[in-house]
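Student: Build me a structure from this.
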Amino acid sequence: MAMSGGVDSSVAAALLLEGGHDVTGVTMKLWGGASDQGCCSVADVDDARRVAQELDIQHLVFNFGDDFTTHVVDPYVAAHAAGATPNPCIECNRHLKFDRLVRRADSLGFDAIATGHHARVVTGPDGTHRIARGADAAKDQSYVLHMLGADLLDRVLLPVGTMTKDAVRAHATRLGLRTAAKPDSQDVCFITATGGRRTFLGERIALHPGRLVDTSGVDVGRVDAVELVTIGQRKGLGLAGDAAPRYAVAVDARAGVVTVGSAADLLAIDVVVGDLAWSGKAPPAGVELLAQTSAHGVARPMVLTSATDDGTVTGRWSEGPQRRVAPGQSVAFYDGDVVLGGGIAR
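Tutor: All right, here's what the predicted structure looks like:
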């Protein structure tokens, strides 16, 4: 049982025990640097250990810091340096929680992996296991698990996926667990609230000033760090006094240029998605499905218009142009509430 020190994984462990499972709690030590938010602090490890004691189960700590740096932190920094917008929580799930941890569990002889994610594992008519939305729509985490394949889902348990968050907290309260009222983690664990992205990235890469240009290429201002600008950004561009809001609609980090435009300029009808992972057979071109482009976004109808030899697909929004998906962000594809797979926007 992957125990982060939060209430969800605490209750998940308790539910497994109540269901008759032999449970071992495991906390991954991932980030060794400063952390004052997220799920990687020393206090979180201590909370997980003490909950395991309350439940009378064994608790182990696995140090996967090197893997976390290689697969999450370094790509995060590289993406910003290239003008892309990374999603480190998804990469942590992909490479740590559902790869490195699974391989360690296999080597130790465990039968299954469980987490506290608000999502469900469902079985389709063809017997294929897929991720589906959790019972609590406001806390649903199926988007960040879109990359999980059917072979892995054969042995993944998500005990709180059928519960609302209120029910999870109520169960923790009944059991007297120390995490019952603990707030949810919110932001990227290795970005501190005090230093922010600027401090973190500035310690690892050079931050370069750049030009702000409008969609005609006319200079309209300057930014002091192109690497900190993301598509869709409005604040921090020094354009607050404009008559109409302007947003970053393109970032060319190599040239040191940020293009700004209106809300209409931020719209796009097509999305190109690569690095695809499907839980079963890839859907054919021409099929309409639902696409979600952020963890708490709304899934909207999209038609897969084409697939290319380089492993990308192009999707066209059925309802007309939508807010542009920043390169580096994940796109998850759904059939109703069931995840079909997803990839990374180009």
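Student: wait, what's in contact with A48?
Tutor: By Cβ atoms under 8 Å, 6 or more residues apart in numbering, A48 lies in contact with 3-5, 9-10, 25, 27, 59. C-betas here are computed from N, CA, C, even on glycine.
Student: Please identify which helix or strand holds the one residue sitting closest to the centre of the chain.
Tutor: In the chain, the centroid-proximal residue (Cα atoms, centre = their mean) is I90; its distance is 3.3 Å. Element membership for I90 (DSSP states H and E) is helix 88-92.
Student: any idea how far that helix is from the chain center?
Tutor: For helix 88-92, the separation from the chain centroid amounts to 5 Å (computed by Cα atoms, centre = their mean, to the nearest Å).
Student: what does stretch 46-62 give?
Tutor: Computed by Cα atoms, centre = their mean, the chain-centroid distance of stretch 46-62 equals 25 Å.
Student: Just the buried residues of it, please?
Tutor: 47-52, 54-55, 57, 59, 62 (16 or more other Cβ atoms under 10 Å).
Student: on that earlier part again, dump the helix holding I90 to PDB, keeping only the CA atoms.
Tutor: Output of helix 88-92 as PDB, limited to C-alpha atoms (Å, rounded to 0.1, in the frame of the first residue of the first chain):
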ATOM      1  CA  PRO A  88       5.500  16.500 -13.100                       C
ATOM      2  CA  CYS A  89       2.700  14.700 -11.100                       C
ATOM      3  CA  ILE A  90       1.800  12.600 -14.100                       C
ATOM      4  CA  GLU A  91       5.500  11.700 -14.700                       C
ATOM      5  CA  CYS A  92       5.800  10.700 -11.000                       C
END
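Student: let's number from 28 now, not from 1
Tutor: Taking 28 as the first residue, the last one we looked at is helix 115-119.
Student: If you count contacts, what does it end up packed against?
Tutor: The contact analysis (3 or more Cβ pairs under 8 Å, 6 or more residues apart in numbering; DSSP states H and E) places helix 115-119 against helix 101-108.
Student: and the helix it packs on, what's its mean pLDDT?
Tutor: The pLDDT scores in helix 101-108 average 98.
Student: What is it packed up against?
Tutor: Contact partners of helix 101-108 among helices and strands, from 3+ Cβ pairs under 8 Å, 6+ apart: helix 115-119, helix 223-229.
Student: among these, which is nearest R343?
Tutor: R343 sits nearest to helix 115-119 of all these, at 23.5 Å, using Cβ to Cβ.
Student: Show residues contacting that closest one.
Tutor: 57, 95, 98-100, 102-103, 171, 173-174, 215, 217, 322, 357.
Student: Let's see which of the residues you listed end up in helices.
Tutor: Cross-referencing these against helices under DSSP state H gives 95, 102-103.
Student: Closest one of those residues to G151?
Tutor: Nearest member of the ones in helices among the contacts of helix 115-119 to G151, counting by Cβ to Cβ, is P102, at 32.0 Å.
Student: That closest one is in contact with T112, isn't it?
Tutor: No. P102 is not in contact with T112 according to Cβ atoms under 8 Å; the separation is 12.0 Å.
Student: Show the end-to-end separation of stretch 136-145, please.
Tutor: End-to-end distance of stretch 136-145 (Cα to Cα, to the nearest Å): 26 Å.
Student: what mean pLDDT does it have?
Tutor: Averaging pLDDT along stretch 136-145 gives 98.
Student: go on, stretch 299-315?
Tutor: Regarding stretch 299-315, the rounded mean pLDDT is 93.
Student: Now do the helices in the stretch 28-177 of the chain.
Tutor: Ranges of helices in the stretch 28-177 of the chain, per DSSP state H, counting those that start in this stretch, are 34-45, 69-82, 92-95, 101-108, 115-119, 128-135, 177-180.
Student: what's the most buried one of the helices and strands packed on helix 101-108?
Tutor: Ranked by mean neighbour count, the helices and strands packed on helix 101-108 are led by helix 115-119 with a mean of 22 (mean count of other Cβ atoms under 10 Å).
Student: Now do the SS call for K308.
Tutor: Three-state assignment for K308 (DSSP: H, G, I helix; E, B strand; the rest coil): coil.
Student: can you count the residues close to it?
Tutor: By other Cβ atoms under 10 Å, the residues close to K308 number 11.
Student: Run through the stretch 78-227 of the chain and note the low-pLDDT ranges.
Tutor: In the prediction, the stretch 78-227 of the chain carries no residues with pLDDT under 70.
Student: Tell me which stretches of it form strands.
Tutor: 85-90, 140-141, 146-150, 156-160, 183-184 (DSSP state E, counting those that start in this stretch).
Student: can you put those strands in TSV and add distance to D193?
Tutor: Below are these laid out as TSV (distance: least, Cβ to Cβ, whole Å):
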stretch	distance to D193
strand 85-90	27
strand 140-141	21
strand 146-150	17
strand 156-160	17
strand 183-184	22
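Student: Of all these, which one is nearest A372?
Tutor: strand 156-160 (19.7 Å).
Student: Pull the number of nearby residues for G203.
Tutor: G203 has 8 neighbouring residues, counting by other Cβ under 10 Å.
Student: One more: E346?
Tutor: That count, for E346 with other Cβ under 10 Å as the rule, works out to 9.
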